[in-house]
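Student: Sequence first, predicted model second:
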Amino acid sequence: MHKRCHREQMNYLEEIDFNEPDFEDWHDELPLWSAPFGLMLLDRVPIKPNITILDVGAGTGFLSLELAQRCGPDAKVVAADPWKPGMQRLRGKIDRLGIQNITLIEQSAEIIDLPDDSIDLIVSNLGLNNFERPAEVLQTCFRVAKPGATIFLTTNLSDT
């Protein structure tokens, strides 16, 4: 017979409080189920220097970090997410890795403060379905996209 852990265990049906202290410390382990979708997305993204990329719903930065490193120091990656603890976690990763081509924007994707026609590539891994107003997010993406820009996204199916 094993001893029970004294720490309260999370009920998987319980609503998650994303603003709970230190949530971002273990969040990177939470979305492992989403990694295959992000990897499929990365397999399709054109990897080239001098590209400006917007990661919509960047969270703790899986796509932002990968793209910044894969595209090299001449590329510019903008990671946008309103979740302050997640962006703080991403900021720590950027500092630790010494990456200098990622800019963080702590804003809702419906109102990203970027100039019109400024982005070559827009990515989002399982993010669009998490916004309250996805149509507004897409409008913002189209506004900031340069002519000929590409968008790569993965999204959950309904009721998943």
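Tutor: Thanks, I have the structure now. Numbers count the residues shown, from 1 in each chain.
Student: max-length helix in the protein?
Tutor: Looking across the chain with DSSP state H, the single longest helix is helix 84-97.
Student: buried set for that helix?
Tutor: With burial defined by 16 or more other CB atoms under 10 Å, the residues of helix 84-97 counted as buried are 85-87, 89-91, 93-94. For every residue, glycine as well, the C-beta is placed using N, CA and C.
Student: same question, stretch 104-114
Tutor: Within stretch 104-114, the residues that count as buried by 16+ other CB under 10 Å are 104-105, 108-110, 112, 114.
Student: Downstream of the longest helix of the chain, the next helix or strand is which one?
Tutor: Using DSSP states H and E, the helix or strand that follows helix 84-97 in sequence is strand 102-105.
Student: that older thread, tell me the one of the buried residues of helix 84-97 nearest residue 65?
Tutor: The shortest distance between residue 65 and any of the buried residues of helix 84-97, using CB to CB, involves residue 93 and amounts to 6.2 Å.
Student: Would you mind giving me the confidence score for that closest one?
Tutor: At residue 93, the model reports a pLDDT of 91.
Student: ok, the residue most central in space within the chain - contacts?
Tutor: Residue closest to the average C-alpha location in the chain (CA atoms, centre = their mean): residue 58, at 1.6 Å. Taking CB atoms under 8 Å, 6 or more residues apart in numbering as the contact definition, residue 58 lies against 64, 79-81, 86-87, 90, 104.
Student: quick one on the thing from earlier: Throw the buried residues of stretch 104-114 into CSV and include pLDDT, distance to residue 131 and secondary structure, thanks.
Tutor: As requested, the buried residues of stretch 104-114 are exported to CSV (pLDDT from 0 to 100; distance: CB to CB, whole Å; DSSP: H, G, I helix; E, B strand; the rest coil):
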residue, pLDDT, distance to residue 131, secondary structure
104, 98, 18, strand
105, 97, 15, strand
108, 89, 8, coil
109, 88, 6, helix
110, 91, 7, helix
112, 92, 12, coil
114, 96, 16, coil
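Student: Tell me the spacing between residue 114 and residue 89.
Tutor: Using CB to CB, to the nearest Å, one obtains 22 Å as the distance from residue 114 to residue 89.
Student: cool, and residue 75?
Tutor: Residue 75 sits 22 Å away from residue 89, taking CB to CB as the criterion.
Student: Next, the angle helix 84-97 makes with the strand or helix carrying residue 67.
Tutor: Here residue 67, judged by DSSP H and E, is contained in helix 62-71. Our comparison of helix 62-71 with helix 84-97, counting by axes from the mean of the first three to the mean of the last three CA atoms, to 10 degrees, yields an angle of 30 degrees.
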